[in-house]
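Chemist: coordinates only, sequence not included:
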């Protein structure tokens, strides 16, 4: 009898997946930081006010969110019907093309706001298909018993990219403005190679409707019916949507804290460091008790720290608050992703992951649009403070609207999911 693996890293497929996720996230966050920095500076140097330039940052967020919102039903279905590795690889290739285009435009001195806007749409399309495929693939690589550990390690991969990516972007930009995009091209090529080393995995057959439109409807219906999944997804949607301060980092770096491009990198890195340390802790000591109430508390702390960051004009305090924001966000992400993955049958994970990705993008990219628009109307400080307060109000509302959140004590999935098809079951199908 073969002993069950104790660590996700003992599984070759998961190791390759983890490397691909680190490399892809490094490239994404390196590019995202520079795209925002270039957009804001082009707008300011053209004579726009702080509010007007903030509005351009809002537009970048909207352009990335719009294709993801439209394509969510299709990308989720693709993750459940097609080879998840191939879909993820195609999304990585599209991002590589975006990085190459931005690098060439920056090197040639022909970078413009319209060009950045076009690339933002393409990046939104890539993320629409890449995110659900990778999220749905991860549970196929490890046994259910160590899935929470795998989720924590996957989160570490993302947070590592979020930590190092802004540093790569900010500091390489100071050497040569095109250099971050060149490095992103290399990282995305590495991600494509690594995901190709993930071998064939088995997955459950799609139950319910067999036609594509019916399967899209089944996925959306499952999210709506399962109050555990629905409440955790929407809690993140509204809390982070309201309290999204990241889009305004260029405003704080240039005009409020006055710390320049290197300071912008530090602002972006601070929440990622907090998140990475929290994920590392959970990979060693997984959370086991009172997971629902703790998630609610974490989102509340996220809101309070966002408010303090909003009013701060002292860089050390701002970094400390962003560190706490990252810790609290990772705390809630770890619980939320574990609950969603463990409470969703494998044959629906792609579609449910696409809905989760859409809400994450709504809270991030569309949240950037909301924050930028609010900054245009009220100023950046008021936008951040009101957003943090909105996150606290959301926690209070969800605590009352969804009792399942405060009543959930552990990650144990329902019995009917434990009895379903699993890896090695004769009802599974190869992901070829």
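Modeler: Thanks, I have it. Owing to the predicted nature of the structure, the values given are computational and were not obtained by experimental measurement.
Chemist: residue 198 - that's part of a strand, no?
Modeler: No - applying DSSP: H, G, I helix; E, B strand; the rest coil, one finds residue 198 to be coil, outside a strand.
Chemist: what distance separates the start and the end of stretch 371-390?
Modeler: Chord length of stretch 371-390, first to last residue, is 12 Å (C-alpha to C-alpha, to the nearest Å).
Chemist: hmm, who's touching that stretch?
Modeler: 50-52, 54-59, 61, 238-239, 242-245, 247-248, 251-252, 256, 303-307, 309-311 (C-beta atoms under 8 Å, 6 or more residues apart in numbering). Every residue, glycine included, has its C-beta placed from N, CA and C.
Chemist: quick check: buried residues in that stretch?
Modeler: 371-376, 380-381, 383-390 (16 or more other C-beta atoms under 10 Å).
Chemist: what of stretch 93-113?
Modeler: Neighbour count says stretch 93-113 has 93, 94, 95, 96, 98, 99, 101, 102, 103, 105, 106, 111 buried, by 16+ other C-beta under 10 Å.
Chemist: of the contacts of stretch 371-390, which belong to strands?
Modeler: Nothing among the contacts of stretch 371-390 maps onto strands, per DSSP state E.
Chemist: which PyMOL command selects the buried ones in the residues you listed?
Modeler: Buried residues among the contacts of stretch 371-390 (16+ other C-beta under 10 Å), as a PyMOL selection:
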select buried, resi 50+51+54+55+56+57+58+59+61+238+239+242+243+244+245+247+248+251+252+256+303+304+305+306+307+309+310
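Chemist: and the helices in the stretch 101-250 of the chain?
Modeler: 113-141, 147-175, 179-196, 212-225, 227-242, 249-251 (DSSP state H, counting those that start in this stretch).
Chemist: please work out which of those helices is packed deepest.
Modeler: helix 249-251 (a mean of 27; mean count of other C-beta atoms under 10 Å).
Chemist: for the helix or strand following that helix, buried residues please.
Modeler: Per DSSP states H and E, the first helix or strand lying C-terminal to helix 249-251 is helix 260-284. For helix 260-284, burial by neighbour count (16+ other C-beta under 10 Å) applies to 261, 263-283.
Chemist: what pLDDT does residue 411 get?
Modeler: pLDDT recorded at residue 411 is 71.
Chemist: now the one 4 residues further on
Modeler: Looking at residue 415, its pLDDT reads 53.
Chemist: residue 111 now?
Modeler: 93.
Chemist: follow-up on the earlier one: got the buried residues of stretch 93-113 as JSON lines, with distance to residue 173 columns?
Modeler: As requested, the buried residues of stretch 93-113 are exported to JSON lines (distance: C-beta to C-beta, whole Å):
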{"residue": "93", "distance to residue 173": "24"}
{"residue": "94", "distance to residue 173": "23"}
{"residue": "95", "distance to residue 173": "18"}
{"residue": "96", "distance to residue 173": "19"}
{"residue": "98", "distance to residue 173": "17"}
{"residue": "99", "distance to residue 173": "13"}
{"residue": "101", "distance to residue 173": "17"}
{"residue": "102", "distance to residue 173": "12"}
{"residue": "103", "distance to residue 173": "11"}
{"residue": "105", "distance to residue 173": "14"}
{"residue": "106", "distance to residue 173": "9"}
{"residue": "111", "distance to residue 173": "12"}
